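Colleague: Using only what follows, build the 3D model:
(chains A and B)
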2 protein chains.
Amino acid sequence: MKTLATLEPLTTRLLEIRRIQSAASVLSWDQETYMPAGGGAARAEQIATLEGLAHEKLVSPEVEKLLTEWIDPSSGQATDTWDEPSRSLLRETWRDFSRAKKLPSDFVIRLSRECSLAQQTWVTAREENRFSKFLPSLKTILELKRDEARYLGYRDSPYDALLDTYEPGATVAQLTPLFAQLRARLVPLLQRVQASTVTIDDSCLHQSFDQTKQLEFGRLVLVAMGYDFERGRLDLSAHPFTTSFHPTDVRVTTRVFEKDLPSCLFSCIHEGGHGLYDQGLDPRFYGSPLGESVSLGFHESQSRLWENCIGRSRAFWQCFYPILQHTFPQQLNAVSLDQFYAAINRAAPSLIRVEADELTYNLHIMLRVEIEQALIEGRAEPEDLPGLWNEKMQSYLGIVPERDADGVLQDVHWSMGAFGYFPTYTLGNLYSVQFFEQAKQEISQLEENVAAGHLIPLRQWLEQKIHRWGRMFTPDHLARRVTGNGVSPEPFLRYLETKYSELYRL
Amino acid sequence: MKTLATLEPLTTRLLEIRRIQSAASVLSWDQETYMPAGGGAARAEQIATLEGLAHEKLVSPEVEKLLTEWIDPSSGQATDTWDEPSRSLLRETWRDFSRAKKLPSDFVIRLSRECSLAQQTWVTAREENRFSKFLPSLKTILELKRDEARYLGYRDSPYDALLDTYEPGATVAQLTPLFAQLRARLVPLLQRVQASTVTIDDSCLHQSFDQTKQLEFGRLVLVAMGYDFERGRLDLSAHPFTTSFHPTDVRVTTRVFEKDLPSCLFSCIHEGGHGLYDQGLDPRFYGSPLGESVSLGFHESQSRLWENCIGRSRAFWQCFYPILQHTFPQQLNAVSLDQFYAAINRAAPSLIRVEADELTYNLHIMLRVEIEQALIEGRAEPEDLPGLWNEKMQSYLGIVPERDADGVLQDVHWSMGAFGYFPTYTLGNLYSVQFFEQAKQEISQLEENVAAGHLIPLRQWLEQKIHRWGRMFTPDHLARRVTGNGVSPEPFLRYLETKYSELYRL
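Modeller: Residues are numbered from 1 along each chain as shown, chains lettered A, B, ... in the order given. Next up is the predicted model:
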């Protein structure tokens, strides 16, 4: 049986490619955190050069020769007998190679450049609340993504080709009924919440909170989660994100507003969940698919599990609320734990996705997915966006933003060319509850541990069950290994119905 | 006559190479400013990968073919008739190409990796005051640099091969008499200063100064100098430095100590001088030698001109001292301008080069140059260094450090493999006075302008005379264009003798 040792000529090349991609990620991180505004155009070219090089090296005849020596190109299956890591490595590398091979190098360079530039344009367009400023960039990006879908190929919808980038195997055909199931139970649940006689006051979260202290508290929670600052950093950016250059250098960002305690708090926990995944990947496999996260849905499951199942749980705040009160005595000493717990879980239609409660969050996703699917399939054009957005907000959430900055301009994703990314947020939400329920069964006294501030057992469980495997298994296979089932809305819906029934006495 | 348009196939390739190198510079900047400690090993490999790629592309058959089409390889001269920018571009690209061609790619990668790692080791060795911790890295780097000198080739000394990297055309044969001339007049001048009845008290500089306010003042001076923060940043690092990724993204760093006002102040002005050079390069030529600084001696002339001829002048402080007093009223209101001016110019043997006064500074350089020349020529070994260092400190400056951290471990250069770099500091000092004297002749009422806080005319003069030319001329040629002379110690010595005679009433 052949092992990874046989694959060394291949993995050496993959390692070089990964280092180039990691360098590009450093340049992107810098662009979002510290780069002076004037440096944007040159930076877009530098990143595009690196992305182009990485692509060129991946689709090179040398890599193709190494791969086809061991893989049957028609089936994508490994020939010969290999151990499991080698088989997985070949399967996933073939996936990356054959997808990349469909894209011309000059297209990859152009897409990278346009996305860097569009992202910078988006930042100012949002600041200035001017959709028209962003429109030309969006048109360019959309055309490129339509081209990309054509290059990649698809059976049913061009949107499938893009979806598969972020969530291997996911399709419109699979997602449509799943979203319908969610909608069918979330909308009535929201209506019952809104009709409840219980009203939750969350004004305690919108007093004045010193920004430095908010950041310190966020940092404290990250440390408690086991996020390793020797191998990470916390910085500020317009849109919180996590990026990794290697398991020894995984960085998270947040944003902080004086009058909005949840923003910094929950983005720290959320990005910390992403950060733990990347810090938990096996450094020996850096450069190969075995050292990469399995899908964005899985990645999001980690951030949402920490943000919601832990960060919005009563158990977590039994330990951390006294510390938070100690940090902000003037603001919180008169607020009880129950009041605080209710406030951070208040459900109400709102404009901003990243600040939405767990109940309405997926409605935000659905409207985005419908819009981007229509855009990619050519059923809508960028000019239609503000109108389409507001119409769907009205239909799903019953409210409409007054400013595009709080509407169609709120998310960075389309400027980054990340069409097909949003569905992974919903998949992540569903997975997060599935994994958390499994964790509760397998970790003895998990809730008591959390209530005592001991979060490390959970982190270790996630590392052992998910992080360290990289792309050894497909997403669906890994989900079944962990929970016995593929993705399913049922546990998520039950979790929400229980939580909100109690909160709103439904 | 052929023009740059003809060279486009070449400059397109050079641009790609420069972008890769700029990406490596971003990774190095990050390593020195924000990278978490755990990320060091992976980072060294990422930088080495990029450096290796850039080298591989520069020495590629494609570039060689393009160059030899237009250059006679035996003479390095352009064949055919070209306009001046094209001729310069070909000459300088040939220089870069033929030097790079002598180095094997795997050597370049190894050197880059070892230097990144050694630099990180140096940081902790200095912190812990343990030369023995740095010694193995230093041995490795020295062996590599000796190899490099052999690869590059030389006539007289292997040190010449390394010198030429930083200061094209400079040789031991040229520098030795120049250093002797300096020593012959600086040592007696220092003796006269030490024998003077005037004693200068600089304790006013070592009171307690709020670090944030120090940084704010440093930033204010940078703005006054014309350093453009839209195209730059100021950050903190262990060793202040300037780096550039493009003329639109040029970054400086400083360090700040509560009880040492000059450290942050003068490193800001110094690095600002470097920063103005890099911001003053013509962005249209980014990627070609015409968009690069002509030599490190020239680069240092810019930083030292600003730091010393401006930053330690009475005229400058006529405008800025009242602002500094306003920033630190408690500490400085009782200190007169004359007292402050004397304090920042106090001459006395000291341990740390970067904090040395103008008079003793070059003595620090000389001992380093003698040591590194001996190391490269095989007349000394790394083990000898602490002893050699202290012996030469005694001989040149009459003092000996108690800790290696304040002695042989103080500079980052050898850990970076920058052997042959130190002489450019002395060349920079000499050029700085030559350029400043020329500026005084050509800019009407320069001193009055400086005294009124108007520094922009000087910046513009330097940009027009030096920055914008890139490597159009050789260093010697450019010096003659600007001042009518090559490098000369005479103006520098006269300037110092005048300044210190007045300060110490000699």
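
Colleague: Please report phi then psi for the residue lying closest to residue A:394 once chain neighbours are set aside.
Modeller: Excluding the flanking residues, the one nearest residue A:394 by C-beta to C-beta, 6 or more residues apart in numbering or on different chains is residue A:400, at 5.3 Å. Every C-beta, even on glycine, is put in place using the N, C-alpha and C of the backbone. Main-chain torsions, residue A:400, degrees, to the nearest 10: phi -130, psi 130.

Colleague: what number of residues lie near residue A:106?
Modeller: 10 (other C-beta atoms under 10 Å in any protein chain shown).

Colleague: Can you give me every residue that contacts the residue of the stretch 201-350 of chain A found nearest chain B?
Modeller: Per C-beta to the nearest C-beta, residue A:249 is where the stretch 201-350 of chain A lies closest to chain B, at 3.1 Å. Each residue near residue A:249 by C-beta atoms under 8 Å, 6 or more residues apart in numbering or on different chains is listed here: A:231-232, B:35-36, B:38-39, B:42-43.

Colleague: do the same with residue A:256
Modeller: By C-beta under 8 Å, 6+ apart, the neighbours of residue A:256 are A:211, A:214-215, A:236, A:263-264.

Colleague: tell me which of the residues you listed is nearest to residue B:20?
Modeller: Nearest to residue B:20 among those, counting by C-beta to C-beta, is residue A:236 at 28.8 Å.

Colleague: thinking again about what came up before, can you redo the contacts of residue A:249 as CSV with secondary structure, neighbour count and pLDDT?
Modeller: What follows is the contacts of residue A:249, written out as CSV (DSSP: H, G, I helix; E, B strand; the rest coil; neighbours: other C-beta atoms under 10 Å in any protein chain shown; pLDDT from 0 to 100):
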residue, secondary structure, neighbour count, pLDDT
A:231, helix, 22, 98
A:232, strand, 23, 98
B:35, coil, 22, 97
B:36, coil, 17, 97
B:38, helix, 19, 96
B:39, helix, 26, 96
B:42, helix, 20, 97
B:43, helix, 28, 96
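
Colleague: okay if I get those residues as TSV plus distance to residue A:312?
Modeller: Listed next are these as TSV, based on distance: C-beta to C-beta, whole Å:
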residue	distance to residue A:312
A:231	27
A:232	23
B:35	33
B:36	29
B:38	31
B:39	32
B:42	34
B:43	36
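
Colleague: What is the nearest of those residues to residue A:381?
Modeller: Once C-beta to C-beta is applied, the member of these that ends up nearest residue A:381 is residue A:232, at 41.2 Å.

Colleague: is the closest one in a bridge, and if so with what?
Modeller: residue A:250 (DSSP bridges).

Colleague: Please look at residue A:461 and residue A:441 and confirm they touch.
Modeller: No: look at residue A:461 against residue A:441 with C-beta atoms under 8 Å: they stay out of range, at 10.7 Å.

Colleague: pLDDT-wise, which helix or strand of chain A ranks last?
Modeller: Using mean pLDDT, DSSP states H and E, the weakest-scoring helix or strand in chain A turns out to be strand A:77-78, at a mean of 84.

Colleague: hang on, the earlier thing: which one's more surrounded, residue A:461 and residue A:441?
Modeller: A direct count of neighbours by other C-beta under 10 Å for residue A:461 and residue A:441 places residue A:461 higher, at 18 against 9.

Colleague: Now name the helix or strand holding the more buried one.
Modeller: Here residue A:461, judged by DSSP states H and E, is contained in helix A:456-465.

Colleague: now that helix: mean pLDDT?
Modeller: Helix A:456-465 shows a mean pLDDT of 98.

Colleague: tell me what that helix is packed against?
Modeller: The contact analysis (3 or more C-beta pairs under 8 Å, 6 or more residues apart in numbering or on different chains; DSSP states H and E) places helix A:456-465 against helix A:261-280, helix A:423-442, helix A:446-451.

Colleague: OK, contacts around the residue nearest to residue A:80 when sequence neighbours are not counted?
Modeller: With C-beta to C-beta, 6+ apart as the criterion, residue A:80 has its nearest non-adjacent residue at 6.0 Å, and that residue is residue A:2. Contacts for residue A:2 (C-beta under 8 Å, 6+ apart) come out as A:80-83, A:86.

Colleague: quick one: residue A:2 from residue A:8, how far?
Modeller: 12 Å (C-beta to C-beta, to the nearest Å).

Colleague: Likewise for residue A:32?
Modeller: Where residue A:8 is concerned, residue A:32 sits at a distance of 35 Å (C-beta to C-beta).

Colleague: likewise residue A:91?
Modeller: Taken as C-beta to C-beta, the span from residue A:91 to residue A:8 is 18 Å.

Colleague: likewise residue A:458?
Modeller: 36 Å.

Colleague: Please say which of the two ends up with more neighbours.
Modeller: residue A:458 (24 against 10).

Colleague: Grab the nearest non-local neighbour of the more buried one.
Modeller: residue A:439 (6.1 Å).

Colleague: Quick one: neighbours of the one you found, just the number.
Modeller: 19.

Colleague: Report whether the expected contact of it with residue A:463 is present.
Modeller: No: if you go by C-beta under 8 Å, residue A:439 and residue A:463 don't touch, sitting 11.7 Å apart.

Colleague: just how off-centre is stretch A:479-492 within its chain?
Modeller: Its chain's C-alpha centre and that of stretch A:479-492 lie 18 Å apart, by C-alpha atoms, centre = their mean, to the nearest Å.
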